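Engineer: what follows is a protein structure lacking sequence information:
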C-alpha cells in the first residue's frame, strides 16, 4: 500500500492570553492512496487543527513546533507559502463544515467553482466555466447549465454543500480533506452527501481524510479510523476493528454513547467529566480522570501504542502484559463477541481490512 | 429594475411635496420678519412690502401660490439677495459647492476604503495603529480646524496653494482635503471593522483553500463583501459634503451655497430657505436612490425587483 500523506510527530501549540495551549501533542498518522481515513473525537480534541496544518491554514497564533507532513516526498511544514498555494485547491483540497457560510455570497456559483481551475491551470475562462458546469452536474446540481449565474442564497443547504464539494474536487485533488462536512446538515441530507462522497471517491480516485464526531457517519464512509482525544491519537485501526474490537476505554465510551437499535434503556450514556485543559496537559493518559478503568500509572506516565493487530494500535495501559484483565462495558463486550464470531466465520478478515482497497 | 426606479421616482416626488409643505408651514412659525430694518419702517411701508411679496394673504393661500409656482419651476424671488430669483441664486453658487463636495467625497471614500482595508489586513500591526490614529483624528477634529491648518502651512508658509481665492482646480485642493478628512476617517473605521469580520469568515478560508494568495483573496472576495455596509454611510455623507460646509467655504472664500443658506435663515428669506431646503432634500433623495441601486450591484441578495417583498 502506498502512503500518500504521512504525518509524523506533529506538535502544534497556540499562544493565548492565558498561556500556551498544547493543542496537538505528537500526532502521527498516514493516509493510504485511495482510502478514507476518519478522524473522530469530541470538540476540541484537535481534529480540525491537525488537518488545517496539512493545508497550511492554521490561525495566526498557532505554530507548529515539531513534526513533518510528508506529501509526495515533500514536507508540507517546510514548504514556502507560494508552494503551499500551488498545492492547495489543486493537489489537496478541503470541504468545510458549514455550507451556509462557506460560499462567497456575492459571487455566482459557477465562477466560484471555476476559480481553482483558473488559479492553478492555464485553462481559458470559457473552458473553466464549462468544466465547472460539468462538475456541478456531477455533484448533483440539477439544471447546472442554467444555475451557473445564480448566487449561493438561491440554493438550499444541501445544495450548497454539493457546490462546496464541487469546488473541492474540480481540480481532481489527490487528497480531499472533509472537515465535518455533514455536521451542519439534517440527517437525510447527511446521508445523501455521504453517498455522494463515496461515489466521487470512486470516480476521481482520491484519498479522503474525513473528520467527524459522528460515529454513525464514520461507519458509512471510512476504511480506517483514528480516534483523537486531548490532542493525541489514542487508537487507530480499520473501521471494523474500531467498531467491534475497540481497546481504549475512551473508544468504549464513544461507542457506548452512540445509541444503537438495541439501546434499551431510555437514558443515553455520556462519558462523565470533561476533557482536560490543554494549557497544562496531564503527564499521563489525558483520559485517566474520566476513565473508570484507570490505574495509577495512567496518571503518571503516557501509555505507548500497543499493537492489537497489524493495522490496529491503541495507547492504553490496559494492553500492557502486566495490566490486570478488565471487563469492558457489556455493550462493548457484545460487540467484541460479535466481532470474534464474524472473524471465525471469515466474514471479516481481521487485520487486512484496513488495506482492502490498496490490495485491489 | 426599470419599474423599480419609476416607482422610486414617484415616491421621490411625493417626499419632496411633503418636505415642501412641512418646511413652508414651519418657516411661517419662525419669529421675525424678512425686513431687517423693520423698526425704521412705518406700518404703511411694511404693508406695501407685504403686498408686494404676497405676504399679506392668508398663509394657506400663500402656500398654494408657492406650489403653483413650483410646478412651473418658479422658486420665487429672494428677499435679501438683490431681489434675484432663487433659482438663479442657487444655480450661480452651487457649482463650487458641488465641485468641492464631489471631490471630497471621492477622495475621502476611496482613501478611507484603502486605509480601512489595509488596517484590517494588517490587523494589530503598526499600520493598523497608525490608520486608527488618523481615523480618530479625522473624526474628532472639526473640518474647519484642518482648513485653517492647511491654509496656514501649505498656502501661507509654503505658498504651494492659493490662500483664499476661487480660481480653478488648484484653489479647490485645500478645501477638498479639509472636507475629505471626516468622510475618510468614517469610511476607514467602517471598512476596517467590516473587513476584519469578512476576513474571519468561512468563505475567505475557502478562498485561501482554493490556492488564492492573500492579496488575491482580498481583491476577489473580501473587498466587495466589506463594501456593503460602507455604502450605506456614503449616501448621507455625500449630501453633507455636496451642499458644502459653510465654515470651510468661508475660510477659503469659496462662493458656495453653504453660506447663503445660513444667511437666508437668519433673515427669514422665505423663498431662499424653501429653495435650498428643497435642493438639499432632492439631493439626499437622489443619493439614497443611487445607494439603493448600488447595493443591488454589490450584493446579489438584495437585488432589486419591481415587486415589493419578493426579494
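Structural biologist: Yes, it's here. Since we're looking at a predicted model, the values are computed, not measured.
Engineer: in the stretch 51-200 of chain A, which residue sits nearest chain B?
Structural biologist: residue A:89 (3.7 Å; Cβ to the nearest Cβ). In short, each C-beta sits where N, CA and C put it, glycine included.
Engineer: spit out the contact partners of that residue.
Structural biologist: Residue A:89 makes contact with A:116, A:119, A:120, A:168, A:171, A:173, B:209, B:210, B:211, B:212 under the criterion Cβ atoms under 8 Å, 6 or more residues apart in numbering or on different chains.
Engineer: apply 7 Å and report the result again.
Structural biologist: By Cβ atoms under 7 Å, 6 or more residues apart in numbering or on different chains, residue A:89 lies in contact with A:116, A:119, A:120, A:171, B:209, B:210, B:211.
Engineer: isn't the second one up against residue B:208?
Structural biologist: No. Under the contact definition of Cβ atoms under 7 Å, residue A:119 does not touch residue B:208, with a separation of 11.0 Å.
Engineer: so for chain A, the centremost residue is which one?
Structural biologist: For chain A, residue A:211 is the residue whose C-alpha lies nearest the centre (Cα atoms, centre = their mean; 2.6 Å).
Engineer: list phi and psi for that one.
Structural biologist: Dihedral pair for residue A:211: phi -100, psi 130, per degrees, to the nearest 10.
Engineer: go on, residue B:158?
Structural biologist: Here is the backbone geometry of residue B:158 (degrees, to the nearest 10): phi -90, psi -10.
Engineer: what's the local residue count around it?
Structural biologist: 9 (other Cβ atoms under 10 Å in any protein chain shown).
Engineer: and it, how close does it get to residue B:102?
Structural biologist: 26 Å (Cβ to Cβ, to the nearest Å).
Engineer: repeat that for residue A:132.
Structural biologist: The spacing between residue A:132 and residue B:102, counted by Cβ to Cβ, is 41 Å.
Engineer: for residue A:122, same thing?
Structural biologist: 43 Å.
Engineer: looking at those two, which is more packed in?
Structural biologist: Higher neighbour count among residue A:122 and residue B:102: residue B:102, with 14 against 7, using other Cβ under 10 Å.
Engineer: mind telling me what element the more buried one is part of?
Structural biologist: helix B:86-121 (DSSP states H and E).
Engineer: which helices and strands does that helix pack with?
Structural biologist: Counting contacts by 3 or more Cβ pairs under 7 Å, 6 or more residues apart in numbering or on different chains; DSSP states H and E, helix B:86-121 packs against helix B:126-140, helix B:170-199, helix B:223-242, helix B:258-266, helix B:270-298.
Engineer: nearest spatial neighbour of residue A:259, skipping sequence neighbours?
Structural biologist: residue A:268 (5.9 Å; Cβ to Cβ, 6 or more residues apart in numbering or on different chains).
Engineer: can you count the residues close to that neighbour?
Structural biologist: As a burial measure, residue A:268 scores 10 neighbours (other Cβ under 10 Å).
Engineer: ok, which pair from the contacts of residue A:89 is furthest apart?
Structural biologist: A:120 and B:209 (12.4 Å; Cβ to Cβ).
Engineer: the more surrounded of those two?
Structural biologist: Legend: neighbour count by other Cβ under 10 Å for residue A:120 and residue B:209, higher for residue B:209 (25 against 19).
Engineer: what about the nearest residue to that one once chain neighbours are set aside, distance to residue B:23?
Structural biologist: In space, and not counting its chain neighbours, residue B:209 is closest to residue A:94: 4.6 Å by Cβ to Cβ, 6+ apart. As for residue A:94, its distance to residue B:23 is 60 Å (criterion: Cβ to Cβ).
Engineer: please say which of the two ends up with more neighbours.
Structural biologist: Set residue A:94 next to residue B:23 and count neighbours by other Cβ under 10 Å: residue A:94 wins out with 28 against 17.
Engineer: so what's that one up against?
Structural biologist: Taking Cβ under 7 Å, 6+ apart, we find residue A:94 in contact with A:55, A:168, A:177, A:179, B:209.
Engineer: next to chain B in this structure, residues from chain A, please.
Structural biologist: Counting by Cβ under 7 Å from any Cβ of the partner chain, chain A comes close to chain B at A:55, A:57, A:85-86, A:88-90, A:93-94, A:96, A:98, A:101-106, A:115-116, A:119-120, A:151, A:153, A:167.
Engineer: by how many degrees do the helix holding residue B:102 and helix B:258-266 diverge?
Structural biologist: When axes from the mean of the first three to the mean of the last three Cα atoms, to 10 degrees is applied, the directions of helix B:86-121 and helix B:258-266 differ by 120 degrees.
Engineer: what is the neighbour count of the residue of the stretch 201-350 of chain A found nearest chain B?
Structural biologist: Going by Cβ to the nearest Cβ, chain B is nearest to residue A:209 of the stretch 201-350 of chain A, at 13.6 Å. Look at residue A:209: counted by other Cβ under 10 Å, it has 26 neighbours.
Engineer: over to the one 4 residues further on?
Structural biologist: Here the number of neighbours of residue A:213 (other Cβ under 10 Å) works out to 17.
Engineer: quick one, grab the pLDDT at residue A:184.
Structural biologist: Predicted confidence (pLDDT) for residue A:184: 82.
Engineer: nearest residue to it in space, ignoring adjacent ones along the chain?
Structural biologist: residue A:98 (4.6 Å).
Engineer: swap in residue A:120?
Structural biologist: Closest to residue A:120 by Cβ to Cβ, 6+ apart is residue A:90, at 4.3 Å.
Engineer: Three-state assignment for that neighbour, please.
Structural biologist: Put simply, residue A:90 is coil when judged by DSSP: H, G, I helix; E, B strand; the rest coil.
Engineer: for it, what are its contacts?
Structural biologist: With Cβ under 7 Å, 6+ apart, residue A:90 has these contacts: A:116, A:120, A:171, A:173, B:211.
Engineer: quick test: name the residue nearest the centre of chain B.
Structural biologist: residue B:239 (1.6 Å).
Engineer: how far away is the nearest residue to it once chain neighbours are set aside from residue A:286?
Structural biologist: Closest residue to residue B:239 apart from its sequence neighbours, by Cβ to Cβ, 6+ apart: residue B:284 at 4.6 Å. Look at residue B:284 and residue A:286: by Cβ to Cβ, they are 63 Å apart.
Engineer: have a look at those two and say which one is more surrounded.
Structural biologist: residue A:286 (23 against 19).
Engineer: for the more buried one, give me its contacts.
Structural biologist: Contact analysis of residue A:286 by Cβ under 7 Å, 6+ apart lists A:229, A:230, A:232, A:276.
Engineer: and the third one, backbone torsions?
Structural biologist: Same thing as residue A:232. Backbone torsions of residue A:232, given as degrees, to the nearest 10, read phi -130, psi 150.
Engineer: give me the number of residues near it?
Structural biologist: For residue A:232, using other Cβ under 10 Å, the count is 22.
Engineer: what is it paired to in the beta sheet?
Structural biologist: residue A:229 (DSSP bridges).
Engineer: isn't it up against residue A:25?
Structural biologist: Yes. Using Cβ under 7 Å, residue A:232 makes contact with residue A:25 at a distance of 5.1 Å.
Engineer: what's the neighbour count on the spatially closest residue to residue B:144 that is not a sequence neighbour?
Structural biologist: Of all residues not flanking residue B:144 in the chain, residue B:247 sits nearest, at 4.1 Å (Cβ to Cβ, 6+ apart). Neighbourhood size, residue B:247 [other Cβ under 10 Å]: 18.
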